[in-house]
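Trainee: 3D model of this:
(chains A and B)
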Number of protein chains: 2
Amino acid sequence: MEHQPINLEDKLNKFTEYWSPKIIAKMNNYHFKLSKFKGEFVWHNHTTTDETFLVLDGAMTIEFRDGKVELHEGEMIIVPKGVEHKPSALNECKVLLIEPAGTINTGNAGGELTAKDNVWI
Amino acid sequence: MEHQPINLEDKLNKFTEYWSPKIIAKMNNYHFKLSKFKGEFVWHNHTTTDETFLVLDGAMTIEFRDGKVELHEGEMIIVPKGVEHKPSALNECKVLLIEPAGTINTGNAGGELTAKDNVWI
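Mentor: Below is the predicted model:
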């Protein structure tokens, strides 16, 4: 077996699109994904799973129906399943997402920001 | 519901012990844990689950029976279930671990480095 570290910065340099998570690793049935956020995403929720956001660079906001959270580099949050949220970022923000394989970025909402699933980098 | 970011550095400042993972968040049935490594850990494996190591500060080594990996800040690795490994760190290394709730740090090996499970900070 070959054992290789995964360098997050190297992986982040492999794409430029916003709101288009790329898979970098799999732990059991969970995927680790990198994404770049800029601008406003859509309100959505994930009906079957919690979702983890860890900010690697920059800053982002997650709006909830009852408040909002600002996340900076080195900060994370776990959005509980079924809880509506809307990510946004004024400037480019680099994020590590952790969620079950097959989780769709727009959750229940769909629409044009729905990213292709299962893209590895 | 109260929505709060989890600041990794603030959490890391809450403990000093080595090889004693502290839980900071729960995603479905998975725990996010912070740990500080220094010195040599024991050979062990986790028979039922993969295990994620993400280096937040410093550097560490994971030895496998067929090689070894050096991990620096911003690098991660997922150790597959059942694969024997031995973490070590020459100098203090700060690590984010992600694994199912109830995963014991020494896996199948046990012994004096076995940390108390289910400690939240």
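Trainee: OK, contacts around the residue nearest the centre of chain A?
Mentor: In chain A, the centroid-proximal residue (C-alpha atoms, centre = their mean) is A:Leu97; its distance is 3.9 Å. With contact taken as C-beta atoms under 8 Å, 6 or more residues apart in numbering or on different chains, A:Leu97 is in contact with A:21, A:32-35, A:51-54. Every C-beta, even on glycine, is put in place using the N, C-alpha and C of the backbone.
Trainee: try it again at 7 Å.
Mentor: The contact partners of A:Leu97, by C-beta atoms under 7 Å, 6 or more residues apart in numbering or on different chains, come to A:21, A:33, A:35, A:51-53.
Trainee: in which helix or strand would I find it?
Mentor: strand A:85-100 (DSSP states H and E).
Trainee: doesn't A:Gly58 make contact with A:Ser92?
Mentor: Not Ser; residue A:92 is Glu. Yes - taking C-beta atoms under 7 Å as the definition, A:Glu92 is a contact partner of A:Gly58 at 5.8 Å.
Trainee: now the strands for chain A?
Mentor: A:6-7, A:22-27, A:30-40, A:51-57, A:59-64, A:67-72, A:75-79, A:85-100 (DSSP state E).
Trainee: the third one pairs with which strands, parallel or anti?
Mentor: Here the strand partners of strand A:30-40, with direction, are listed using DSSP bridges: strand A:22-27 (antiparallel), strand A:85-100 (antiparallel).
Trainee: equivalent analysis for the fifth one, please.
Mentor: Paired strands of strand A:59-64, with direction, are strand A:67-72 (antiparallel), strand A:85-100 (antiparallel) (DSSP bridges).
Trainee: of these, flag the one that's most buried.
Mentor: Comparing the strands paired with strand A:59-64 on average neighbours per residue, with mean count of other C-beta atoms under 10 Å in any protein chain shown, the densest one is strand A:85-100 at a mean of 19.
Trainee: now do it against strand A:75-79, angle only.
Mentor: Interaxial angle, strand A:85-100 versus strand A:75-79 (axes from the mean of the first three to the mean of the last three C-alpha atoms, to 10 degrees): 90 degrees.
Trainee: hmm, back to that, ok now the strand holding A:Leu97, how far from the chain's centre?
Mentor: 5 Å (C-alpha atoms, centre = their mean, to the nearest Å).
Trainee: what angle separates that strand from strand A:51-57?
Mentor: Using the same axes, to 10 degrees: strand A:85-100 against strand A:51-57 is 100 degrees.
Trainee: mind pulling up the pLDDT for A:Lys116?
Mentor: Listed pLDDT for A:Lys116 reads 87.
Trainee: actually A:Val95, not the one I wrote
Mentor: We have a pLDDT of 98 for A:Val95.
Trainee: what does the one 10 residues further on give?
Mentor: At A:Asn105, the model reports a pLDDT of 95.
Trainee: burial count for it?
Mentor: 23 (other C-beta atoms under 10 Å in any protein chain shown).
Trainee: surely it is in contact with A:Thr114?
Mentor: Yes - between A:Asn105 and A:Thr114 there is a contact under C-beta under 7 Å: 6.5 Å.
Trainee: from A:Glu51, how far out is the residue nearest to the centre of chain A?
Mentor: Separation of A:Leu97 from A:Glu51 (C-beta to C-beta, to the nearest Å): 7 Å.
Trainee: swap in A:Gly110?
Mentor: Using C-beta to C-beta, A:Gly110 is found at 16 Å from A:Glu51.
Trainee: which one of the two is surrounded by more residues?
Mentor: Neighbour totals were compared for A:Gly110 and A:Glu51, and A:Glu51 leads with 22 against 11 (other C-beta under 10 Å).
Trainee: what bridges to the more buried one?
Mentor: Under DSSP bridges, the beta-bridge partners of A:Glu51 are A:Val79.
Trainee: A:Gly67 touches B:His3, doesn't it?
Mentor: Yes - judged on C-beta under 7 Å, A:Gly67 makes contact with B:His3 at a distance of 5.5 Å.
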